[in-house]
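Student: Curious how this folds, go ahead:
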Amino acid sequence: MNGEYKSRHDHARTGIGMNILFIHQNFPGQYRHTAKALAADPANRVVALAMHRRDTIAGVQLILHTDKRPQTSLHPYLGQYEKQIQNGLSVARAAQELRQSGFTPDVICAHPGWGEALFIKSVYPEARLLCFQEFYYRTSGSDIGFDPEFMPKSRDYPFTTVLRNATINHSLSVADVNLCPTQWQKQQFPALYHPHITVVHDGIDTDLVRPDPAACFVLTMPDGSMQLLTAQDEVVTFVSRNLEPYRGIHSFLRSLPDLLARRPHAQVIVVGGDDVSYGTRLPDGQTYRQHYLAEIVGKYDASRVHFIGRIPYQAYLTLLQISSAHIYLTYPFVLSWSMLEAMSAGCTVIGSNTAPVQEVIRHGDNGLLVDFFSPADIVEKICTVLADPTRMASMRSRGRQTVIDSYDLHRICLPRQLELVRRG
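Tutor: Here you go, the predicted structure:
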(Lines give C-alpha, C1' and ligand atoms only; values in the text may rest on other atoms or scores of the structure.)
Protein backbone atom coordinates (compact mmCIF):
# COMPACT_ATOMS: atom_id res chain seq x y z
CA MET A 1 0.00 0.00 0.00
CA ASN A 2 1.38 3.42 -0.88
CA GLY A 3 1.36 6.41 1.43
CA GLU A 4 -1.61 8.15 -0.17
CA TYR A 5 -4.34 5.97 1.31
CA LYS A 6 -4.74 4.44 4.74
CA SER A 7 -6.93 1.61 5.95
CA ARG A 8 -9.30 1.64 8.93
CA HIS A 9 -6.57 0.07 11.08
CA ASP A 10 -4.18 2.90 10.20
CA HIS A 11 -6.88 5.39 11.16
CA ALA A 12 -7.33 3.74 14.53
CA ARG A 13 -3.61 4.00 15.23
CA THR A 14 -3.08 7.57 14.03
CA GLY A 15 -6.46 9.11 14.85
CA ILE A 16 -6.99 10.39 11.31
CA GLY A 17 -10.12 9.95 9.25
CA MET A 18 -11.64 7.27 7.06
CA ASN A 19 -11.58 6.10 3.47
CA ILE A 20 -15.09 6.27 1.96
CA LEU A 21 -16.17 5.09 -1.47
CA PHE A 22 -19.47 6.24 -3.02
CA ILE A 23 -21.06 4.32 -5.90
CA HIS A 24 -23.93 5.97 -7.76
CA GLN A 25 -24.28 6.24 -11.53
CA ASN A 26 -25.53 9.83 -11.17
CA PHE A 27 -23.36 10.86 -8.21
CA PRO A 28 -23.95 12.70 -5.96
CA GLY A 29 -27.66 11.80 -6.18
CA GLN A 30 -28.95 11.00 -2.70
CA TYR A 31 -25.41 11.24 -1.31
CA ARG A 32 -24.93 14.97 -1.89
CA HIS A 33 -25.02 16.04 1.75
CA THR A 34 -23.36 12.94 3.19
CA ALA A 35 -20.46 13.14 0.75
CA LYS A 36 -20.07 16.88 1.29
CA ALA A 37 -19.96 16.46 5.07
CA LEU A 38 -17.44 13.61 4.93
CA ALA A 39 -15.25 15.36 2.36
CA ALA A 40 -15.19 18.53 4.50
CA ASP A 41 -12.96 16.66 6.97
CA PRO A 42 -9.45 16.78 5.43
CA ALA A 43 -8.56 13.61 7.33
CA ASN A 44 -11.00 11.62 5.20
CA ARG A 45 -10.34 10.24 1.73
CA VAL A 46 -13.53 10.32 -0.31
CA VAL A 47 -13.79 8.73 -3.76
CA ALA A 48 -16.88 8.37 -5.97
CA LEU A 49 -17.47 6.01 -8.90
CA ALA A 50 -20.09 7.28 -11.36
CA MET A 51 -21.21 6.71 -14.93
CA HIS A 52 -22.13 10.34 -15.64
CA ARG A 53 -20.53 13.62 -14.64
CA ARG A 54 -23.05 15.65 -12.65
CA ASP A 55 -22.25 18.17 -9.92
CA THR A 56 -18.83 18.00 -8.34
CA ILE A 57 -18.23 18.16 -4.60
CA ALA A 58 -15.08 19.70 -3.18
CA GLY A 59 -12.82 17.07 -1.68
CA VAL A 60 -14.40 14.15 -3.56
CA GLN A 61 -12.31 12.38 -6.18
CA LEU A 62 -14.76 11.54 -8.97
CA ILE A 63 -13.89 8.61 -11.24
CA LEU A 64 -16.07 7.89 -14.26
CA HIS A 65 -16.50 4.31 -15.40
CA THR A 66 -18.32 2.73 -18.32
CA ASP A 67 -18.68 -0.63 -20.01
CA LYS A 68 -19.27 -0.30 -23.75
CA ARG A 69 -19.38 -3.98 -24.58
CA PRO A 70 -22.46 -4.91 -26.67
CA GLN A 71 -25.21 -6.83 -24.96
CA THR A 72 -25.57 -10.47 -25.99
CA SER A 73 -28.71 -11.66 -24.21
CA LEU A 74 -30.09 -14.99 -25.38
CA HIS A 75 -33.52 -14.12 -23.99
CA PRO A 76 -35.18 -10.67 -24.39
CA TYR A 77 -36.11 -10.51 -20.71
CA LEU A 78 -32.43 -10.71 -19.76
CA GLY A 79 -31.55 -7.41 -21.45
CA GLN A 80 -32.00 -5.20 -18.40
CA TYR A 81 -30.35 -7.73 -16.11
CA GLU A 82 -27.39 -8.01 -18.43
CA LYS A 83 -27.03 -4.23 -18.43
CA GLN A 84 -26.99 -4.32 -14.63
CA ILE A 85 -24.29 -6.99 -14.74
CA GLN A 86 -22.26 -4.83 -17.11
CA ASN A 87 -22.64 -1.86 -14.76
CA GLY A 88 -21.50 -4.02 -11.87
CA LEU A 89 -18.50 -5.27 -13.81
CA SER A 90 -17.58 -1.74 -14.84
CA VAL A 91 -17.59 -0.66 -11.19
CA ALA A 92 -15.65 -3.77 -10.17
CA ARG A 93 -12.91 -3.07 -12.75
CA ALA A 94 -12.60 0.53 -11.57
CA ALA A 95 -12.56 -0.63 -7.95
CA GLN A 96 -9.81 -3.15 -8.71
CA GLU A 97 -7.70 -0.34 -10.14
CA LEU A 98 -8.40 1.72 -7.03
CA ARG A 99 -7.31 -1.16 -4.86
CA GLN A 100 -4.11 -1.57 -6.83
CA SER A 101 -3.40 2.13 -6.35
CA GLY A 102 -3.63 1.65 -2.59
CA PHE A 103 -7.17 2.82 -1.85
CA THR A 104 -9.01 0.49 0.51
CA PRO A 105 -12.32 1.93 1.72
CA ASP A 106 -13.51 1.46 5.25
CA VAL A 107 -17.08 2.12 4.12
CA ILE A 108 -18.81 1.84 0.74
CA CYS A 109 -22.04 3.76 0.17
CA ALA A 110 -23.84 2.41 -2.90
CA HIS A 111 -27.11 2.71 -4.76
CA PRO A 112 -27.67 -0.85 -6.02
CA GLY A 113 -30.64 -0.16 -8.28
CA TRP A 114 -28.67 -0.23 -11.54
CA GLY A 115 -26.44 -3.17 -10.62
CA GLU A 116 -23.37 -1.15 -9.75
CA ALA A 117 -22.93 -2.80 -6.34
CA LEU A 118 -23.18 -6.37 -7.65
CA PHE A 119 -19.50 -7.30 -7.31
CA ILE A 120 -18.11 -4.64 -5.01
CA LYS A 121 -17.94 -6.95 -1.99
CA SER A 122 -15.80 -9.32 -4.04
CA VAL A 123 -13.29 -6.52 -4.57
CA TYR A 124 -13.49 -5.11 -1.04
CA PRO A 125 -14.78 -7.91 1.25
CA GLU A 126 -13.40 -6.15 4.33
CA ALA A 127 -15.33 -2.90 3.75
CA ARG A 128 -18.70 -2.16 5.33
CA LEU A 129 -21.35 -1.81 2.62
CA LEU A 130 -24.20 0.67 3.11
CA CYS A 131 -26.84 0.33 0.41
CA PHE A 132 -29.42 2.99 -0.37
CA GLN A 133 -32.52 0.89 -1.01
CA GLU A 134 -34.72 3.29 -2.94
CA PHE A 135 -37.45 1.05 -4.34
CA TYR A 136 -38.52 -2.58 -4.65
CA TYR A 137 -40.72 -3.34 -7.64
CA ARG A 138 -44.04 -5.09 -7.10
CA THR A 139 -46.60 -6.29 -9.63
CA SER A 140 -49.42 -4.77 -7.57
CA GLY A 141 -49.90 -2.33 -4.74
CA SER A 142 -47.50 0.31 -5.98
CA ASP A 143 -46.70 1.95 -9.33
CA ILE A 144 -47.26 -0.95 -11.75
CA GLY A 145 -50.92 -1.16 -12.72
CA PHE A 146 -51.88 1.92 -10.70
CA ASP A 147 -52.88 4.09 -13.67
CA PRO A 148 -55.63 2.65 -15.95
CA GLU A 149 -54.21 4.68 -18.87
CA PHE A 150 -50.89 2.90 -18.61
CA MET A 151 -51.58 -0.71 -17.79
CA PRO A 152 -48.84 -3.23 -18.63
CA LYS A 153 -49.27 -4.40 -22.21
CA SER A 154 -47.52 -7.73 -21.82
CA ARG A 155 -49.06 -10.56 -19.83
CA ASP A 156 -45.51 -11.47 -18.82
CA TYR A 157 -44.90 -8.25 -16.88
CA PRO A 158 -44.86 -10.11 -13.51
CA PHE A 159 -41.88 -12.10 -14.78
CA THR A 160 -39.91 -9.08 -15.99
CA THR A 161 -40.65 -7.37 -12.67
CA VAL A 162 -39.01 -10.28 -10.84
CA LEU A 163 -35.86 -9.72 -12.88
CA ARG A 164 -35.88 -5.98 -12.12
CA ASN A 165 -35.41 -6.90 -8.48
CA ALA A 166 -32.62 -9.44 -9.04
CA THR A 167 -29.71 -7.12 -8.29
CA ILE A 168 -31.61 -5.48 -5.43
CA ASN A 169 -32.18 -8.88 -3.83
CA HIS A 170 -28.46 -9.55 -4.07
CA SER A 171 -27.60 -6.22 -2.44
CA LEU A 172 -30.01 -6.91 0.42
CA SER A 173 -28.19 -10.16 1.13
CA VAL A 174 -24.66 -8.73 1.17
CA ALA A 175 -25.11 -5.23 2.60
CA ASP A 176 -24.07 -4.53 6.16
CA VAL A 177 -26.58 -1.68 6.41
CA ASN A 178 -29.61 -0.89 4.25
CA LEU A 179 -31.09 2.62 4.18
CA CYS A 180 -34.53 3.60 2.90
CA PRO A 181 -35.98 7.14 2.82
CA THR A 182 -39.61 6.50 3.88
CA GLN A 183 -41.56 3.89 5.82
CA TRP A 184 -43.78 3.10 2.82
CA GLN A 185 -40.80 2.50 0.55
CA LYS A 186 -39.39 0.16 3.19
CA GLN A 187 -42.66 -1.77 3.29
CA GLN A 188 -42.33 -2.53 -0.43
CA PHE A 189 -39.37 -4.79 0.29
CA PRO A 190 -39.92 -8.42 1.34
CA ALA A 191 -40.81 -8.71 5.02
CA LEU A 192 -37.75 -10.90 5.56
CA TYR A 193 -35.56 -7.82 5.13
CA HIS A 194 -37.58 -5.30 7.15
CA PRO A 195 -35.52 -5.79 10.34
CA HIS A 196 -32.39 -5.03 8.31
CA ILE A 197 -33.61 -1.78 6.72
CA THR A 198 -33.19 1.54 8.53
CA VAL A 199 -35.47 4.41 7.52
CA VAL A 200 -33.47 7.63 7.16
CA HIS A 201 -34.59 10.31 4.74
CA ASP A 202 -32.06 12.14 2.55
CA GLY A 203 -32.93 15.33 4.44
CA ILE A 204 -34.23 18.81 3.66
CA ASP A 205 -32.13 21.87 4.47
CA THR A 206 -34.82 23.79 6.35
CA ASP A 207 -32.37 26.62 7.10
CA LEU A 208 -32.02 27.25 3.37
CA VAL A 209 -35.50 26.19 2.25
CA ARG A 210 -37.64 28.51 4.32
CA PRO A 211 -40.45 31.05 3.87
CA ASP A 212 -39.55 34.55 2.69
CA PRO A 213 -42.44 37.05 2.65
CA ALA A 214 -40.30 39.46 0.63
CA ALA A 215 -39.56 36.97 -2.18
CA CYS A 216 -40.35 37.97 -5.74
CA PHE A 217 -40.14 35.93 -8.93
CA VAL A 218 -39.59 37.43 -12.38
CA LEU A 219 -41.72 35.69 -15.00
CA THR A 220 -41.27 36.14 -18.74
CA MET A 221 -44.70 36.57 -20.31
CA PRO A 222 -45.71 35.19 -23.75
CA ASP A 223 -45.31 38.67 -25.33
CA GLY A 224 -41.76 38.94 -24.01
CA SER A 225 -42.58 41.35 -21.21
CA MET A 226 -41.53 40.71 -17.64
CA GLN A 227 -43.95 40.32 -14.76
CA LEU A 228 -42.94 40.45 -11.13
CA LEU A 229 -44.82 37.95 -8.97
CA THR A 230 -44.99 37.96 -5.18
CA ALA A 231 -46.84 36.03 -2.50
CA GLN A 232 -49.69 38.53 -2.93
CA ASP A 233 -50.43 37.13 -6.41
CA GLU A 234 -52.38 33.98 -7.20
CA VAL A 235 -49.61 31.60 -8.24
CA VAL A 236 -50.23 27.89 -8.71
CA THR A 237 -47.04 25.82 -8.99
CA PHE A 238 -46.32 22.33 -10.26
CA VAL A 239 -42.79 20.90 -10.14
CA SER A 240 -41.33 17.65 -11.44
CA ARG A 241 -37.92 16.72 -12.80
CA ASN A 242 -39.75 15.61 -15.94
CA LEU A 243 -43.40 16.18 -16.83
CA GLU A 244 -44.77 12.65 -17.06
CA PRO A 245 -47.69 10.52 -15.86
CA TYR A 246 -45.77 9.02 -12.92
CA ARG A 247 -45.86 12.53 -11.45
CA GLY A 248 -49.42 13.27 -12.53
CA ILE A 249 -48.90 15.75 -15.36
CA HIS A 250 -51.95 14.39 -17.21
CA SER A 251 -54.28 14.92 -14.27
CA PHE A 252 -52.91 18.39 -13.61
CA LEU A 253 -53.14 19.62 -17.21
CA ARG A 254 -56.69 18.31 -17.47
CA SER A 255 -57.60 20.50 -14.49
CA LEU A 256 -56.46 23.75 -16.13
CA PRO A 257 -59.54 24.74 -18.19
CA ASP A 258 -61.87 24.72 -15.19
CA LEU A 259 -59.25 26.16 -12.83
CA LEU A 260 -58.43 29.16 -15.03
CA ALA A 261 -62.12 29.81 -15.70
CA ARG A 262 -62.88 29.89 -11.98
CA ARG A 263 -59.78 31.90 -11.02
CA PRO A 264 -59.36 34.59 -13.69
CA HIS A 265 -56.28 36.12 -12.03
CA ALA A 266 -54.36 32.92 -11.38
CA GLN A 267 -50.98 32.30 -12.98
CA VAL A 268 -49.88 28.67 -13.37
CA ILE A 269 -46.14 27.98 -13.41
CA VAL A 270 -44.90 24.51 -14.36
CA VAL A 271 -41.27 23.52 -13.73
CA GLY A 272 -39.77 20.43 -15.34
CA GLY A 273 -38.25 18.91 -18.44
CA ASP A 274 -39.84 16.94 -21.26
CA ASP A 275 -37.79 13.77 -20.90
CA VAL A 276 -39.04 10.55 -19.29
CA SER A 277 -37.60 9.44 -15.95
CA TYR A 278 -40.10 6.66 -15.24
CA GLY A 279 -42.44 4.58 -17.35
CA THR A 280 -42.63 4.36 -21.12
CA ARG A 281 -42.05 6.95 -23.81
CA LEU A 282 -44.66 8.06 -26.30
CA PRO A 283 -44.14 7.12 -29.97
CA ASP A 284 -42.60 9.44 -32.56
CA GLY A 285 -40.72 11.48 -29.99
CA GLN A 286 -43.84 13.21 -28.68
CA THR A 287 -43.64 14.54 -25.14
CA TYR A 288 -46.30 13.99 -22.51
CA ARG A 289 -46.71 17.75 -22.22
CA GLN A 290 -47.52 18.02 -25.92
CA HIS A 291 -49.80 15.00 -25.78
CA TYR A 292 -51.97 16.24 -22.93
CA LEU A 293 -51.99 19.89 -23.92
CA ALA A 294 -53.47 18.74 -27.24
CA GLU A 295 -56.47 17.46 -25.25
CA ILE A 296 -57.28 20.91 -23.90
CA VAL A 297 -56.17 23.15 -26.78
CA GLY A 298 -58.59 26.04 -27.19
CA LYS A 299 -60.24 25.28 -23.85
CA TYR A 300 -57.97 27.30 -21.54
CA ASP A 301 -56.16 30.63 -21.36
CA ALA A 302 -52.70 29.56 -22.49
CA SER A 303 -51.28 33.02 -21.72
CA ARG A 304 -51.60 32.23 -17.99
CA VAL A 305 -49.88 28.84 -18.11
CA HIS A 306 -46.09 29.05 -18.11
CA PHE A 307 -43.83 26.08 -18.80
CA ILE A 308 -40.41 27.30 -17.71
CA GLY A 309 -38.44 24.06 -18.00
CA ARG A 310 -35.70 23.36 -15.49
CA ILE A 311 -34.48 26.36 -13.56
CA PRO A 312 -31.58 27.12 -11.19
CA TYR A 313 -32.10 25.92 -7.65
CA GLN A 314 -32.30 29.39 -6.10
CA ALA A 315 -34.93 30.46 -8.65
CA TYR A 316 -36.86 27.30 -7.84
CA LEU A 317 -36.78 28.12 -4.12
CA THR A 318 -37.96 31.66 -4.82
CA LEU A 319 -40.84 30.27 -6.84
CA LEU A 320 -41.88 28.07 -3.94
CA GLN A 321 -41.72 31.04 -1.59
CA ILE A 322 -44.25 33.03 -3.64
CA SER A 323 -46.50 30.04 -4.48
CA SER A 324 -50.12 30.28 -3.35
CA ALA A 325 -50.87 26.60 -3.96
CA HIS A 326 -48.33 23.89 -4.80
CA ILE A 327 -49.56 20.72 -6.50
CA TYR A 328 -47.71 17.44 -6.01
CA LEU A 329 -49.13 14.34 -7.69
CA THR A 330 -47.46 10.96 -7.83
CA TYR A 331 -48.09 7.29 -8.41
CA PRO A 332 -47.38 5.14 -5.33
CA PHE A 333 -43.66 5.47 -5.89
CA VAL A 334 -40.53 7.22 -4.66
CA LEU A 335 -41.34 10.44 -2.79
CA SER A 336 -39.86 13.52 -4.47
CA TRP A 337 -37.69 15.98 -2.57
CA SER A 338 -39.78 18.77 -4.13
CA MET A 339 -42.86 18.03 -2.04
CA LEU A 340 -40.96 18.29 1.24
CA GLU A 341 -39.09 21.35 0.00
CA ALA A 342 -42.40 23.00 -0.87
CA MET A 343 -43.67 22.34 2.65
CA SER A 344 -40.42 23.65 4.13
CA ALA A 345 -40.67 26.81 2.02
CA GLY A 346 -44.11 27.50 3.46
CA CYS A 347 -46.31 26.40 0.56
CA THR A 348 -49.82 25.13 0.94
CA VAL A 349 -49.24 21.70 -0.58
CA ILE A 350 -52.03 19.84 -2.34
CA GLY A 351 -50.75 16.29 -2.65
CA SER A 352 -52.22 13.19 -4.21
CA ASN A 353 -53.94 10.75 -1.87
CA THR A 354 -51.30 8.13 -2.61
CA ALA A 355 -48.42 6.52 -0.78
CA PRO A 356 -45.96 7.78 0.37
CA VAL A 357 -47.58 11.26 0.32
CA GLN A 358 -50.04 10.01 2.95
CA GLU A 359 -47.09 9.28 5.21
CA VAL A 360 -46.30 13.00 5.35
CA ILE A 361 -49.49 14.99 4.71
CA ARG A 362 -52.37 14.88 7.17
CA HIS A 363 -55.37 16.13 5.23
CA GLY A 364 -56.64 19.44 6.52
CA ASP A 365 -53.82 19.76 9.05
CA ASN A 366 -50.46 20.27 7.35
CA GLY A 367 -51.69 20.09 3.76
CA LEU A 368 -54.50 18.83 1.57
CA LEU A 369 -54.92 15.46 -0.14
CA VAL A 370 -56.58 15.09 -3.51
CA ASP A 371 -57.73 12.28 -5.79
CA PHE A 372 -54.85 11.67 -8.22
CA PHE A 373 -57.24 10.84 -11.06
CA SER A 374 -59.79 13.65 -10.52
CA PRO A 375 -59.14 17.00 -12.24
CA ALA A 376 -62.37 18.24 -10.66
CA ASP A 377 -61.08 17.47 -7.17
CA ILE A 378 -57.75 19.12 -7.98
CA VAL A 379 -59.57 22.28 -9.10
CA GLU A 380 -61.80 22.29 -6.03
CA LYS A 381 -58.85 22.02 -3.64
CA ILE A 382 -56.86 24.73 -5.43
CA CYS A 383 -59.85 27.08 -5.42
CA THR A 384 -60.39 26.44 -1.71
CA VAL A 385 -56.80 27.49 -1.03
CA LEU A 386 -56.85 30.53 -3.33
CA ALA A 387 -60.20 31.78 -2.01
CA ASP A 388 -58.90 32.30 1.52
CA PRO A 389 -55.09 32.45 1.72
CA THR A 390 -55.17 33.88 5.25
CA ARG A 391 -56.99 30.82 6.55
CA MET A 392 -54.22 28.66 5.07
CA ALA A 393 -51.47 30.35 7.08
CA SER A 394 -51.65 27.90 9.99
CA MET A 395 -51.69 24.94 7.58
CA ARG A 396 -48.55 26.24 5.87
CA SER A 397 -46.89 26.68 9.24
CA ARG A 398 -47.74 23.13 10.31
CA GLY A 399 -46.47 21.84 6.99
CA ARG A 400 -43.08 23.45 7.52
CA GLN A 401 -42.99 22.19 11.11
CA THR A 402 -43.58 18.64 9.87
CA VAL A 403 -40.43 18.85 7.77
CA ILE A 404 -38.44 20.38 10.61
CA ASP A 405 -39.58 17.69 13.06
CA SER A 406 -39.00 14.65 10.83
CA TYR A 407 -36.90 15.50 7.76
CA ASP A 408 -34.51 18.26 8.81
CA LEU A 409 -31.14 17.73 7.13
CA HIS A 410 -28.69 19.15 9.68
CA ARG A 411 -30.46 18.19 12.91
CA ILE A 412 -31.97 14.79 12.09
CA CYS A 413 -31.15 13.11 8.79
CA LEU A 414 -27.50 13.92 8.15
CA PRO A 415 -26.40 13.09 11.73
CA ARG A 416 -28.11 9.69 11.39
CA GLN A 417 -26.50 9.05 8.03
CA LEU A 418 -23.05 10.00 9.29
CA GLU A 419 -23.51 7.84 12.39
CA LEU A 420 -24.20 4.82 10.19
CA VAL A 421 -21.17 5.59 8.01
CA ARG A 422 -18.82 6.08 10.94
CA ARG A 423 -20.04 3.18 13.06
CA GLY A 424 -17.18 0.70 13.38
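
Student: Asn353 reaches Phe373, doesn't it?
Tutor: No. Applying Cβ atoms under 8 Å, one finds Asn353 not in contact with Phe373, separated by 9.9 Å. Every C-beta, even on glycine, is put in place using the N, C-alpha and C of the backbone.

Student: Spit out the residues that contact the two alike.
Tutor: By Cβ atoms under 8 Å, 6 or more residues apart in numbering, Asn353 and Phe373 have no common neighbours.

Student: Let me know the pLDDT of the residue nearest to Gln96 when sequence neighbours are not counted.
Tutor: Nearest non-adjacent residue to Gln96, counting by Cβ to Cβ, 6 or more residues apart in numbering: Val123, 5.7 Å away. Looking at Val123, its pLDDT stands at 98.

Student: Also His201?
Tutor: 98.

Student: wait, is it part of a strand?
Tutor: No. Under DSSP: H, G, I helix; E, B strand; the rest coil, His201 falls outside any strand and is assigned coil.

Student: Looks like it contacts Val403 (just checking).
Tutor: No. His201 is not in contact with Val403 according to Cβ under 8 Å; the separation is 9.7 Å.

Student: which helix in the protein runs the most residues?
Tutor: helix 79-101 (DSSP state H).

Student: The following helix or strand past that one - contacts with which helices or strands?
Tutor: Downstream of helix 79-101, the first helix or strand assigned by DSSP states H and E is strand 107-110. In terms of contacts (3 or more Cβ pairs under 8 Å, 6 or more residues apart in numbering; DSSP states H and E), strand 107-110 is packed against strand 19-23, strand 128-132, helix 414-422.

Student: Report the inter-axis angle for the last one versus strand 19-23.
Tutor: Meaning helix 414-422. Angle, helix 414-422 to strand 19-23, by axes from the mean of the first three to the mean of the last three Cα atoms, to 10 degrees: 110 degrees.

Student: where do the strands sit along the stretch 51-200 of the chain?
Tutor: Per DSSP state E, counting those that start in this stretch, the stretch 51-200 of the chain carries strands over the ranges 60-64, 107-110, 128-132, 177-180, 197-199.

Student: quick one on the thing from earlier: I'd like the average pLDDT over the longest helix of the chain.
Tutor: In this model, helix 79-101 has an average pLDDT of 95.

Student: Check stretch 128-137 too.
Tutor: The pLDDT scores in stretch 128-137 average 97.

Student: Need the residues that contact that stretch.
Tutor: Outside stretch 128-137, the residues that reach it (Cβ under 8 Å, 6+ apart) are 24, 30-31, 106-113, 117, 120-121, 143-144, 161, 164-165, 168, 171-172, 174-181, 185-186, 188-190, 197, 333-334, 420-421.

Student: Could you give the number of residues near Ala48?
Tutor: The tally of other residues near Ala48 (other Cβ atoms under 10 Å) stands at 23.

Student: Assess the claim that it and Phe27 are in contact.
Tutor: Yes. Counting by Cβ under 8 Å, Ala48 touches Phe27, with 4.6 Å between them.

Student: Could you tell me which residues touch both of the two?
Tutor: Each of Ala35, Leu62 lies in contact with both Ala48 and Phe27 under the rule Cβ under 8 Å, 6+ apart.

Student: for Ile350, helix, strand, or coil?
Tutor: Secondary structure assignment for Ile350 (three-state DSSP): strand.

Student: contacting residues around it?
Tutor: Shown in contact with Ile350 (Cβ under 8 Å, 6+ apart): Ala325, His326, Ile327, Tyr328, Gly367, Leu368, Leu369, Val370, Ile378, Lys381, Ile382, Val385.

Student: For the residue lying closest to Gln86 once chain neighbours are set aside, grab the count of nearby residues.
Tutor: Leaving aside its sequence neighbours, Gln86 sits nearest to Asp67 (Cβ to Cβ, 6+ apart; 4.4 Å). Other residues near Asp67 number 16, with proximity taken as other Cβ under 10 Å.

Student: you'd agree Asp67 is up against Gly88?
Tutor: No. Asp67 is not in contact with Gly88 according to Cβ under 8 Å; the separation is 9.0 Å.
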